[in-house]
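A.B. asks: just to be clear, the model below is a prediction. Sequence and coordinates:
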Amino acid sequence: MTDDHALGALGLGAREEAGYRALLTVLDADGAELAELLRMPRSETGQLLETLSKRGLARMVADGRYAAAAPESCIVTLLSERLEGLRRGYDALAELDAVFRNVRGRHETVSSSETIYGLEPMRSRLLQLRERAVSQIRVFAQPPLLVDIGPADFYDPATDRGVHVRSIVDNSMLEYPGSIELLQRSGRDGVIVRCAPSLPVKLVLVDDASLFIMEPGHADVALSTEHPALVGMAASLFEQSWLDAVPASTSGRTAHRGNGGPSNSDDRMLLTLLLSGLTDQAIAARLGVGLRTVQRRVRDLMDSARVDTRIQLGWKASRKGWVD
């Protein structure tokens, strides 16, 4: 690693680091001025400034103009995020390795474990598990979905009879058309949804008794088991992931918030997508609005929250429960 890309270890690309270093040399700049500083096409600097702002390395000081954040605050934040990500990855590795070894070493001798091959048998088993649920269903949801209908519709029969359904949605699902409507319908139908940057597997946990888990890298192979050790480890993994995941604002109605947060449901959904790590362009596409509209609404939210950076906005939104 060269000295001019020293921040690569913190997850910054060479272009992002060059953009931040360039902003440090001026009080503020717009896309055209940054393009001149970096000697790069103007068409590329708008996205670069947006990325720097999202990472907390820059803040918008006027319409289209950005200033660099102080290194002592933003670099320490990046370092903390990187260390936390490494810790989570290490924790997940240990749990998943235990699941893998238990399945390979014991599932042939456990009558309550079964390997299922083929999409139709897998869908059939999911329907059976849904009907057996008594108190709760917990889900890791990743694309592509196993069922042709949306998760909210699929779990309707369970929620109708009082089963508590919680789903952690992989952020990659938010890139699909119709994902926002799917989240909102899930909330209206009683499914509690949170979003996570990435999930290690697809799984469905029914009560504390049954586990359906798809093998990583094998779209048409799954394990269905009632083995207490596997069910317990999966439940522990889900609950830890639930604490770290971002609550999705699934209400389609305007609500008056008593905690100082936005009352507009669109702004709460924008916060959900922002905290989930989507770029401004991806958020604009999901919400069906223009890029400048997203940037203006984020700036308005920052002003309402009395913060200067998006990282501070995310921290305050999470702490205050604005997207619950």
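C.D. replies: Looks like it came in fine.
A.B. asks: quick one: secondary structure of the nearest residue to residue 155 once chain neighbours are set aside?
C.D. replies: Closest residue to residue 155 apart from its sequence neighbours, by C-beta to C-beta, 6 or more residues apart in numbering: residue 165 at 4.9 Å. Any C-beta I mention is one placed from the backbone N, CA and C, and that applies to glycine too. Put simply, residue 165 is strand when judged by DSSP: H, G, I helix; E, B strand; the rest coil.
A.B. asks: next: residue 219.
C.D. replies: coil.
A.B. asks: where does it land on pLDDT?
C.D. replies: We have a pLDDT of 70 for residue 219.
A.B. asks: residue contacts, it?
C.D. replies: Shown in contact with residue 219 (C-beta atoms under 8 Å, 6 or more residues apart in numbering): 119, 144.
A.B. asks: now the strands for the stretch 51-200 of the chain?
C.D. replies: 58-62, 65-68, 113-117, 136-141, 164-170, 191-196 (DSSP state E, counting those that start in this stretch).
A.B. asks: where are the low-confidence patches of the stretch 51-200 of the chain?
C.D. replies: 86, 90, 94, 101, 103-111, 145-153, 175-180, 184, 187-188 (pLDDT under 70).
A.B. asks: that one: helices as residue ranges?
C.D. replies: Here the stretch 51-200 of the chain has its helices, by DSSP state H, counting those that start in this stretch, at 71-106, 119-132, 151-154, 156-160, 179-188.
A.B. asks: got it, and the stretch 201-324 of the chain?
C.D. replies: 228-244, 265-275, 280-287, 291-305, 310-320.
A.B. asks: tell me what the shortest one is packed against?
C.D. replies: Meaning helix 280-287. helix 42-54, helix 179-188, helix 265-275, helix 291-305 (3 or more C-beta pairs under 8 Å, 6 or more residues apart in numbering; DSSP states H and E).
A.B. asks: now swap in the fourth one and tell me
C.D. replies: Counting contacts by 3+ C-beta pairs under 8 Å, 6+ apart, helix 291-305 packs against helix 265-275, helix 280-287, helix 310-320.
A.B. asks: let's see that with 10 Å instead.
C.D. replies: helix 42-54, strand 58-62, helix 265-275, helix 280-287, helix 310-320 (3 or more C-beta pairs under 10 Å, 6 or more residues apart in numbering; DSSP states H and E).
A.B. asks: mind checking which of the ones you listed is nearest residue 169?
C.D. replies: Each of the helices and strands packed on helix 291-305 has some distance to residue 169 by C-beta to C-beta; the shortest is helix 265-275, at 10.3 Å.
A.B. asks: and that closest one, how far from the chain's centre?
C.D. replies: 12 Å (C-alpha atoms, centre = their mean, to the nearest Å).
A.B. asks: tell me what angle that helix forms with helix 310-320.
C.D. replies: 120 degrees (axes from the mean of the first three to the mean of the last three C-alpha atoms, to 10 degrees).
A.B. asks: buried set for helix 265-275?
C.D. replies: 265, 267, 268, 269, 270, 271, 272, 273, 274, 275 (16 or more other C-beta atoms under 10 Å).
A.B. asks: next, the angle from that helix to helix 42-54.
C.D. replies: Using the same axes, to 10 degrees, helix 265-275 lies at 90 degrees relative to helix 42-54.
A.B. asks: what's helix 265-275 packed up against?
C.D. replies: So helix 265-275, by 3+ C-beta pairs under 10 Å, 6+ apart, packs with helix 179-188, strand 191-196, strand 246-247, helix 280-287, helix 291-305, helix 310-320.
A.B. asks: switch the cut-off to 6 Å
C.D. replies: On a contact count with 3 or more C-beta pairs under 6 Å, 6 or more residues apart in numbering; DSSP states H and E, helix 265-275 meets no helix or strand.
A.B. asks: CA-only coordinates of that helix in PDB, if you can.
C.D. replies: Provided in PDB are the C-alpha atoms of helix 265-275 (Å, rounded to 0.1, in the frame of the first residue of the first chain):
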ATOM      1  CA  SER A 265     -43.500   8.600   6.900                       C
ATOM      2  CA  ASP A 266     -41.400   9.300   3.700                       C
ATOM      3  CA  ASP A 267     -38.700  10.900   5.800                       C
ATOM      4  CA  ARG A 268     -38.600   8.000   8.200                       C
ATOM      5  CA  MET A 269     -38.200   5.600   5.200                       C
ATOM      6  CA  LEU A 270     -35.400   7.800   3.900                       C
ATOM      7  CA  LEU A 271     -33.700   7.500   7.300                       C
ATOM      8  CA  THR A 272     -34.100   3.700   7.200                       C
ATOM      9  CA  LEU A 273     -32.400   3.600   3.700                       C
ATOM     10  CA  LEU A 274     -29.700   6.000   4.800                       C
ATOM     11  CA  LEU A 275     -28.900   4.100   7.900                       C
END
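A.B. asks: CSV please, covering the helices of the stretch 201-324 of the chain and showing mean pLDDT and distance to residue 63.
C.D. replies: Putting these into CSV (pLDDT from 0 to 100; distance: least, C-beta to C-beta, whole Å) gives the following:
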stretch, mean pLDDT, distance to residue 63
helix 228-244, 88, 35
helix 265-275, 74, 18
helix 280-287, 79, 14
helix 291-305, 83, 8
helix 310-320, 73, 17
